[in-house]
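Generate a structure from the sequence data that follows.
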Amino acid sequence: MAKTNWGITSGFIGKLGNVVGFNWKGKNIQRALVQGADTRSEAQILQRARFGIIGQMGSVLYDAVYEGFRHEARSNSSTQSGLFLKHNLSAIGGTDPEALTVDYPGLQLSYGKLKGVECGTPVIHGTTLSVTVSNAAALNRRTALTDRVYVCAYCPALEDAVCGCVGTRAGGDFTLTVPAGYADETVYVYAFVIGASSTNEGQASTTAYLGTAGRDSSSDRNSGGSGTVNG
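Numbering: from 1, shown residues only. Next up is the predicted model:
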C-alpha cells in the first residue's frame, strides 16, 4: 500500500500498482517495480520435491516414527521427524520432480541396535491384518521377552498408515486392525521392536520389511516395491 504526501502530484511512498515510490535526498522518486527472477536451479527444485515427499510421508507415518526414533531423538537432541528424513531421503529416487519414485521396502521407521524378531507373511482379511512373530534371536543383555513388537501397515494409495504394539518378543499370531479399504490396495507392512526391560528400555531395532498385503500382495521381501509419486 502506498502512502501519499498531500496529493498524487507530490509523490508517494510504497507500492502503487507496478510502481514503487520512495524519498531520496528530499526528492520523491518513482520507479517501475522489478520482479525478481526465479534463481532456483534444477538441482534445488529436485531436492525440494524430495523433501516434500518425505515430509508428507513422515506425517502419515508419524505414529510409527514417533516410537521408532524416540530413543535416538532423545540421545541426539533431535526430533523423530528429522531423523525419519535423515534415514529415508535416499529412498526417493528419480530425476523428474514431477514423477519421483519411492523405495517402499527400504523405508526405515525405526533405528537402533536392538535385535529384531522373525515375522511371517502379512495377510489382510477384512479389517484385520495378521502376522506370525517368532523370537528367533537368542536373548542377551539387550533383549527380553517383554520387549514390545510394533507392526506398521502403510497404504500410499490412501495416504494412510496404522501402527501399533501387537505383542511381545515372546511371539505368537498377532493382529492389527486396519481400515476396510486396505484390502483393496497395496499395503506395505513393517515391524520393529522397542525394548521394555530395565537394561534396554526404549531402545529400538532397525525396521524389518515384511512384504505387502491387500491387493497384489507378495511375500518376497526383497522384491522391487518402488512406486511413482507425482511431485
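
Enumerate every residue touching the most centrally placed residue in the chain.
For the chain, the residue nearest the mean C-alpha position is Gly58 (2.2 Å; Cα atoms, centre = their mean). Shown in contact with Gly58 (Cβ atoms under 8 Å, 6 or more residues apart in numbering): Val65, Ser81, Phe84, Leu85, Asn88. For every residue, glycine as well, the C-beta is placed using N, CA and C.

and the residues you listed, which are buried?
Buried subset of the contacts of Gly58 (neighbour count, 16 or more other Cβ atoms under 10 Å): Val65, Ser81, Phe84, Leu85, Asn88.

Out of the residues you listed, which is nearest to Leu139?
Nearest to Leu139 out of the buried ones among the contacts of Gly58 is Val65 (Cβ to Cβ; 27.4 Å).

Please tell me I have it right and that closest one contacts Phe84.
Yes: Val65 is in contact with Phe84 according to Cβ atoms under 8 Å; the separation is 4.7 Å.

what sits in contact with each of these two?
Common neighbours of Val65 and Phe84 are listed as Gly58, Leu109 (criterion: Cβ under 8 Å, 6+ apart).

Wasn't Gln44 part of a helix?
Yes: counting by DSSP: H, G, I helix; E, B strand; the rest coil, Gln44 is part of a helix.

how much space between it and Ser90?
18 Å (Cβ to Cβ, to the nearest Å).

Please give the element, helix or strand, for Lys113.
Lys113 belongs to no helix or strand when assigned by DSSP states H and E.

Contacts only, for it.
Residues in contact with Lys113 (Cβ under 8 Å, 6+ apart) are Arg142, Gln203, Ser205.

residues contacting the first one?
Which is Arg142. Arg142 neighbours (Cβ under 8 Å, 6+ apart): Lys113, Leu114, Lys115, Gly195, Thr199, Asn200, Gln203.

Among those, which ones are in helices?
Residues of the contacts of Arg142 located in helices (DSSP state H): none.

which one among these gets closest to Thr95?
Closest to Thr95, out of all of these and judged by Cβ to Cβ, is Lys113, at 35.1 Å.

Find me the pLDDT at that closest one, would you?
Each residue has a pLDDT score; the one for Lys113 is 91.

What is the neighbour count of the residue lying closest to Gly164 once chain neighbours are set aside?
Counting by Cβ to Cβ, 6 or more residues apart in numbering, Gly164 lies nearest to Leu176, which is 5.7 Å off, once chain neighbours are set aside. The burial count assigned to Leu176 is 21, neighbours taken as other Cβ atoms under 10 Å.

wait, Leu176 sits on Val151?
Yes: Leu176 lies in contact with Val151 (Cβ under 8 Å); the separation is 5.2 Å.

intersection of neighbour lists for those two?
Leu129, Val131, Gly164, Val166.

Throw the residues you listed into CSV and include neighbour count, pLDDT and distance to Ile54, thanks.
As requested, the shared contacts of Leu176 and Val151 are exported to CSV (neighbours: other Cβ atoms under 10 Å; pLDDT from 0 to 100; distance: Cβ to Cβ, whole Å):
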residue, neighbour count, pLDDT, distance to Ile54
Leu129, 25, 97, 25
Val131, 24, 97, 26
Gly164, 18, 97, 23
Val166, 19, 97, 26
